[in-house]
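Asker: with the sequence up front, the predicted model follows.
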Amino acid sequence: MCGIVGYIGPRQAAGLLIDGLRRLEYRGYDSAGIAVVNGHGLKIMKAAGKLSVLENELKEKMPEGTIGIGHTRWATHGAPTTTNAHPHTDQSGRIAVIHNGIIENSSVIRKALQQRGHVFKSETDTEVLAHLVGELYQGNLEEAVASALREVDGAYGLVFLSSDEPGVLVAARKGSPLLVGVGENEWFIASDASPLLQYTRSVVYLDDGEMAVLTREGYRVRNLETARISKEVNQIDWDLAQSERGGYPHFMLKEICEQPESIWNTLRGHLLEEDGTARVTGLNLTDEELKQFERVIITACGTSWHSGIIGEYMLEEMARLPVEVEYASEFRYRNPVVDPRTLVIGISQSGETADTLAAVREAKRRGARTIGLVNVVGSTIAREVDGGIYLHAGPEVGVASTKAFTSQVAALALISLRIARLRNLSILQGRQFVEALQRLPAQAAQILERASEIEQLADRFLRTTRNALYLGRGVNFPVALEGALKLKEISYIHAEGYPAAEMKHGPIALIDENMPVVFIAPRDAVHSKIVSNIEEVKARGGKVIALINEGDSEIERLADATFTIPETLDLLTPILTSIPLQLLSYYVAVSRGCNVDQPRNLAKSVTVE
Ligand code: F6R
């Protein structure tokens, strides 16, 4: 949420910053701005709207300078206007800041500053920070920032730049991710690695409470109390090509199509065919410890929460362990019953979602063992949990999560298999499960080869609808939730996911000839039940689109249209049934002219509460 990039080195900064912001735009895209320092002082350019608006403005008059900062915003305080766009400056106009996060005591500080004569231009909390630093500035930006941050409550990832010190960038992190990119005689600061990958793979992740000072000679990490901190330099293991569109019209489609590979990348190296189990050493838990857990809490947000519910079905069915799945935002503010016998699994693609991070911290505080299923290597959740599994799905740039979801389910399958084999699952059942997992990438590819069938369904049933229902049962109920979420977030069609049998307790009232109903109905343990639910919809004139297995003549006869998915074990069907639903929402959104990769009001990584 909000993208941050800063540069100091021999290159011209402005173009590099814009380029970096383009790669960060998925984090927020309601306004953007840059600031550079050159012989004429501080030059700031900003514009409301997509980055392209700013780029157009800069075309003729790209400011010169080899040090600068850039920001793409997702509004929290104040509307997405040019005035509210970052960078913001202090009263003197000589100090600029970009910021991701929320300063919680900003109104108190603002009031005090106003009483001392400060005049604010924007409604943002960030401008308050700039003014505070300006007031404390006595010729040393680093010290002024450190002093100001001691007065501030809330979350931030921020970078300061001053025309009085044209060779220094001062960054600080508390709650919002930041990393330093270490190049050859050049240094970067960014909210994730994507803007600096073309220059360097060496990065230093800042931890909460840390500041980084970047100069033309190098970088230094310290804390607010001035102690110097020595930090490990990490190597990023994915490359630029992976974070580019590579010929696809949208990142979302590229990422949907990558799933045969990304699912395999999650599973690879973990499957033990002979023993019919999974090797998950990253959990940092011995077999004895794994066996002793009495319950599991899975906590996550959005799409990751949906994968968590699938994990609940898997762990309960396979390992006979009680599982609760909690919205991270609720878990952290309840008084959850958690103890050392509880295993808490935090699921997050970005590894930066503020609520999930807070939930994991809360669980740790209460003595639980925490593990993370995270895609972004080196992200905060990944670093804070006791152990976990990296998804290795590759960078997910499209705001709607797709390949991360199937990889999360694959990772949950690995954990379930491991625990189940330690508890009660036979080696034979374990081997069957491993075999089924190994078949999934090829089966996903078979589905993707028939994407045009889904495109036709999108056009025939959903393109012009205002509402849609998604119904599934058992382990495909969360797939219904996920299908509905995908549709609403990128095509703005109101959609609801429900357990199919719950429909008659209310939503059935909505069904008429204008209501498309998507059933997820593979031939599983609840197949006969879902057939009855389809009958109920048909009896009321609803239009039924059903995901079924090959040869399901019963549903073929009932439904208005069907799409077949390959057979797999019941518990693994979500990995296959979710793919056509991702494609369905993609094609609907494209046909409605929606901005698929950057849907309105959303941001890829929600780093505020
Ligand atoms: C929906 C979507 C969001 C995220 C949610 C959690 O397509 O992407 O619902 O799943 O914001 O994000 P992560 O997984 O990064 O914690």
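Answerer: Arrived safely.

Asker: what's near enough to touch the residue of the stretch 401-550 of the chain found nearest the ligand?
Answerer: Proximity of the stretch 401-550 of the chain to the ligand (C-beta to the nearest ligand atom) peaks at S401, 3.4 Å away. Where C-beta positions appear, they are placed from N, C-alpha and C, glycine not excepted. Contacts for S401 (C-beta atoms under 8 Å, 6 or more residues apart in numbering) come out as 302-304, 349.

Asker: over to T277?
Answerer: 417-418, 421, 430, 434.

Asker: check contacts around the residue nearest to M62 when sequence neighbours are not counted.
Answerer: Once flanking residues are discounted, M62 sits nearest to A14: 4.9 Å by C-beta to C-beta, 6 or more residues apart in numbering. Shown in contact with A14 (C-beta under 8 Å, 6+ apart): 34, 36, 58, 62-65, 68.

Asker: make it 7 Å
Answerer: Applying C-beta atoms under 7 Å, 6 or more residues apart in numbering, we find A14 in contact with 34, 36, 58, 62-63, 65, 68.

Asker: make a markdown table out of these and add secondary structure, pLDDT and distance to R295.
Answerer: As requested, those are exported to a markdown table (DSSP: H, G, I helix; E, B strand; the rest coil; pLDDT from 0 to 100; distance: C-beta to C-beta, whole Å):
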| residue | secondary structure | pLDDT | distance to R295 |
| --- | --- | --- | --- |
| I34 | strand | 97 | 50 |
| V36 | strand | 97 | 54 |
| L58 | helix | 90 | 55 |
| M62 | coil | 91 | 58 |
| P63 | coil | 93 | 57 |
| G65 | coil | 96 | 57 |
| G68 | strand | 98 | 51 |
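
Asker: quickly check these for the two that are furthest apart.
Answerer: The two members of the contacts of A14 with the most space between them (C-beta to C-beta) are L58 and G65, at 12.8 Å.

Asker: neighbour count winner among those two?
Answerer: Legend: neighbour count by other C-beta atoms under 10 Å for L58 and G65, higher for G65 (23 against 17).

Asker: test my guess that that one contacts G39.
Answerer: No - contact criterion C-beta atoms under 7 Å: G65 and G39 do not qualify, at 8.4 Å.

Asker: for the lengthiest helix in the chain, packing partners?
Answerer: The longest helix of the chain (DSSP state H) is helix 427-449. Counting contacts by 3 or more C-beta pairs under 7 Å, 6 or more residues apart in numbering; DSSP states H and E, helix 427-449 packs against helix 259-267, strand 271-272, helix 403-423, helix 573-591.

Asker: reformat the ones you listed as JSON lines; add mean neighbour count, mean pLDDT and distance to the ligand.
Answerer: Formatted as JSON lines, the helices and strands packed on helix 427-449 follow (neighbours: other C-beta atoms under 10 Å; pLDDT from 0 to 100; distance: least, C-beta to the nearest ligand atom, whole Å):
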{"stretch": "helix 259-267", "mean neighbour count": "23", "mean pLDDT": "94", "distance to the ligand": "14"}
{"stretch": "strand 271-272", "mean neighbour count": "16", "mean pLDDT": "96", "distance to the ligand": "24"}
{"stretch": "helix 403-423", "mean neighbour count": "26", "mean pLDDT": "97", "distance to the ligand": "6"}
{"stretch": "helix 573-591", "mean neighbour count": "27", "mean pLDDT": "98", "distance to the ligand": "9"}
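
Asker: stretch 337-355 close to the ligand?
Answerer: Yes - counting by C-beta under 6 Å from any ligand atom, the ligand has neighbours in stretch 337-355: 348-350, 353.

Asker: if we take the residues you listed, which one ends up nearest to R94?
Answerer: Of all the residues of stretch 337-355 next to the ligand, S350 has the smallest distance to R94: 34.6 Å, by C-beta to C-beta.

Asker: return the member of the contacts of S401 nearest to the ligand.
Answerer: Distances from the ligand to these, taken by C-beta to the nearest ligand atom, are shortest for G302, at 1.9 Å.

Asker: next up, the contacts around that closest one.
Answerer: Taking C-beta under 7 Å, 6+ apart, we find G302 in contact with L485.

Asker: dihedrals phi and psi, it?
Answerer: G302 adopts backbone torsions of phi 60, psi -130, taken as degrees, to the nearest 10.

Asker: and it, what's its pLDDT?
Answerer: pLDDT, G302: 96.

Asker: which bits of the stretch 251-400 of the chain sit near the ligand?
Answerer: Contacts of the stretch 251-400 of the chain with the ligand, taken as C-beta under 6 Å from any ligand atom, map to 301-304, 348-350, 353, 356, 400.

Asker: circling back to that earlier point, hang on, the residue nearest to M62 is in a helix, isn't it?
Answerer: Yes - according to DSSP: H, G, I helix; E, B strand; the rest coil, A14 belongs to a helix.

Asker: can we start the residue count at 506 from this point?
Answerer: Happy to do that; since the first residue is 506 now, the last one works out to A519.

Asker: mind checking the end-to-end distance for stretch 838-853?
Answerer: Its start and end residues considered, stretch 838-853 measures 19 Å (C-alpha to C-alpha, to the nearest Å).

Asker: what's the longest strand in the protein?
Answerer: In the chain, ranked by residue count with DSSP state E as the criterion, the top strand is strand 670-679.

Asker: mean confidence score for the helix or strand following that strand?
Answerer: Using DSSP states H and E, the helix or strand that follows strand 670-679 towards the C-terminus is strand 684-687. For strand 684-687, the mean pLDDT works out to 96.

Asker: partner strands of strand 684-687 and their direction?
Answerer: Sheet pairing of strand 684-687 (DSSP bridges) gives strand 692-695 (antiparallel), strand 707-710 (antiparallel).

Asker: adding mean neighbour count, mean pLDDT and distance to A653, write those strands out as TSV.
Answerer: Formatted as TSV, the strands paired with strand 684-687 follow (neighbours: other C-beta atoms under 10 Å; pLDDT from 0 to 100; distance: least, C-beta to C-beta, whole Å):
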stretch	mean neighbour count	mean pLDDT	distance to A653
strand 692-695	28	98	18
strand 707-710	20	96	23
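
Asker: having no further points to raise, I will conclude here.
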